[in-house]
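# Give me a model of this one.
(one chain, ligands or ions: 1)
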Amino acid sequence: MQQDQIPAPEWELETLAIRAGHRRTHEQEHGEPIFPTSSFVYGSAAEAAAKFSGEEPGNIYSRFTNPTVRTFEERLAAMEGGERCVATSSGMAAIMATALALLSSGDEIVASRSLFGSTVSLFDKYLGKLGITTRYVELSDLEAWEAAITPATRLLFAETPSNPLSEVVDIAALAEIAHRHEALLAIDNCFLTPALQRPLALGADLVIHSATKYLDGQGRAIGGAVVGRDEELEEVFGVVRTCGPCLSPFNAWIFTKGLETLNLRMRAHCENARHLAEWLEGHPAVARAHYSGLASHPQHELASRQQQGFGAVIGVEVKGGREAAWSVIDATRMVSITGNLGDVKTTITHPATTTHGRLSDDQKAAAGISEGLIRLAVGLEALEDIRGDLARGLDALV
Ligand SMILES: *Cc1c(COP(=O)(O)O)cnc(C)c1O
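This is a model prediction of the structure:
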């Protein structure tokens, strides 16, 4: 009798996204059940003792493990090619749990400068309080990474492609540098997902996700995950189990269903984004379009080699600074004005005053966040409708 959907070694990504991690209950249901339960019960005192001591595997309490959460974890682990995944209550919780699990006071992180704003705050303000220091380097500059490493460096942390300028780092080369200095490499794979980039196969040790973005894909829930080897993930699990930033079974269920369409969605996102980026690059009101899928992108060749697609986030620098950028945003009637991304709905934001608003002017300048910069996260509406909505404001500028 067919029972559990344990990934077969020959399964392709498209199949893993739909089948991996599904365990049928005695009801033999076709879909993935939700287990909204805080705790689990036992048939006897002896069974309870065996479960609590870890002698027997099984669920105890949903802060530790939950079957719905496990299905999401096993599916994502299979898709990223990792031994294990630990789900968390948000993408930030995934980064926090990774740092608490693997770093101690006195340790150092080297990170790319163009990180997600809250990641920078976490590293500087909260890890800083614990005596963990972070040095920031230019994402694509491998020599700068190596130069920033000291004997205290334990973790290299990068987001590639970067938000919102689509800079790319050579993951395999960065992994080699990390390992030569006995540090781990973590890649925030939020923008491409395993459908378009698998950092572990390129040598990274850990993959971080904000499941809130493309894994869900429809802007419904907040969640995150860390994927990697058993050795490090056991430590991450210990932090989540003890400190409590665990994923709710309801959100895990949403993400599991999201994964089923991830491959199709990401391909469609990429297709829309490529057409829009090409059109934007040629528009007279646009100073520059940043998208690693454009032939003009300085790292287009590297991105083509290491990624299976270019994602759907485009940085658009309009001529005329903040006033011009805001006028393009305000002229839209369909596209959603929001800092979120990774949704079937196209979103638009002005990074300098929203997502990156908490950075100092110097930090903004270093990260390339100019006043004329708009970030587009291209959704799955008809290309003509997205283009028309943006053209209204852009055409008015010329
Ligand atoms: C959104 C995001 C995060 C944080 O995830 P949350 O789910 O919002 O906590 C981390 N990294 C990147 C690249 C993101 O876009």
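
# which residues are contacting stretch 23-39?
Identification of contacts with stretch 23-39 by Cβ atoms under 8 Å, 6 or more residues apart in numbering yields 2-5, 22, 60-62, 66-68, 71, 249-250, 253, 256-257. For every residue, glycine as well, the C-beta is placed using N, CA and C.

# For it, output the C-alpha coordinates as PDB.
Below are the C-alpha coordinates for stretch 23-39, written out as PDB (Å, rounded to 0.1, in the frame of the first residue of the first chain):
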ATOM      1  CA  ARG A  23       2.500  11.500   5.100                       C
ATOM      2  CA  ARG A  24      -1.000  10.100   4.900                       C
ATOM      3  CA  THR A  25      -2.900   9.600   8.100                       C
ATOM      4  CA  HIS A  26      -5.200   6.500   8.700                       C
ATOM      5  CA  GLU A  27      -7.900   8.500   6.800                       C
ATOM      6  CA  GLN A  28      -5.800   8.100   3.600                       C
ATOM      7  CA  GLU A  29      -6.500  11.600   2.500                       C
ATOM      8  CA  HIS A  30      -5.300  12.900  -0.800                       C
ATOM      9  CA  GLY A  31      -4.200  16.400   0.500                       C
ATOM     10  CA  GLU A  32      -2.000  17.600   3.300                       C
ATOM     11  CA  PRO A  33      -3.900  17.600   6.700                       C
ATOM     12  CA  ILE A  34      -3.600  20.500   9.200                       C
ATOM     13  CA  PHE A  35      -2.800  19.500  12.800                       C
ATOM     14  CA  PRO A  36      -3.900  22.500  14.900                       C
ATOM     15  CA  THR A  37      -2.900  21.000  18.200                       C
ATOM     16  CA  SER A  38      -0.700  22.400  20.900                       C
ATOM     17  CA  SER A  39       0.300  19.000  22.300                       C
END
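
# one step back: mark which of the contacts of stretch 23-39 are buried, thanks.
5, 22, 62, 66-68, 71, 249, 253, 256-257 (16 or more other Cβ atoms under 10 Å).

# Buried residues, stretch 126-141. List them.
By 16+ other Cβ under 10 Å, the buried positions in stretch 126-141 come out as 127, 132-140.

# contact partners of that stretch?
96, 99, 103-115, 120, 123-124, 144-145, 147-148, 158-160, 162, 167-170, 298-299, 366.

# could you pick out which of those residues are near the ligand?
Glu159 (Cβ under 6 Å from any ligand atom).

# Which ones among the contacts of stretch 126-141 lie within strands?
Within these, residues falling in strands by DSSP state E are 108-112, 158-159.

# For the stretch 201-350 of the chain, which segments are assigned as strands?
206-210, 224-228, 286-290, 313-318, 336-337, 347-349 (DSSP state E, counting those that start in this stretch).

# any chance of the ones you listed in a markdown table, plus distance to Glu27 and mean neighbour count?
Formatted as a markdown table, the strands of the stretch 201-350 of the chain follow (distance: least, Cβ to Cβ, whole Å; neighbours: other Cβ atoms under 10 Å):
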| stretch | distance to Glu27 | mean neighbour count |
| --- | --- | --- |
| strand 206-210 | 30 | 28 |
| strand 224-228 | 27 | 29 |
| strand 286-290 | 50 | 20 |
| strand 313-318 | 41 | 26 |
| strand 336-337 | 39 | 14 |
| strand 347-349 | 39 | 22 |
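
# And those strands: which comes nearest the ligand?
Set against the ligand and scored by Cβ to the nearest ligand atom, these come closest in strand 206-210, at 3.0 Å.

# Let me see the contact set for the residue in the stretch 1-150 of the chain positioned nearest to the ligand.
Closest approach between the stretch 1-150 of the chain and the ligand, counting by Cβ to the nearest ligand atom: Gly91, at 2.2 Å. Residues in contact with Gly91 (Cβ under 8 Å, 6+ apart) are 116, 188, 190, 208-213, 223-224.

# From Leu156, how far off is the residue nearest to it when sequence neighbours are not counted?
Distances taken as Cβ to Cβ, 6 or more residues apart in numbering place Ser210 nearest to Gly91, at 2.5 Å, with adjacent residues excluded. Distance, Ser210 to Leu156, using Cβ to Cβ, to the nearest Å: 19 Å.
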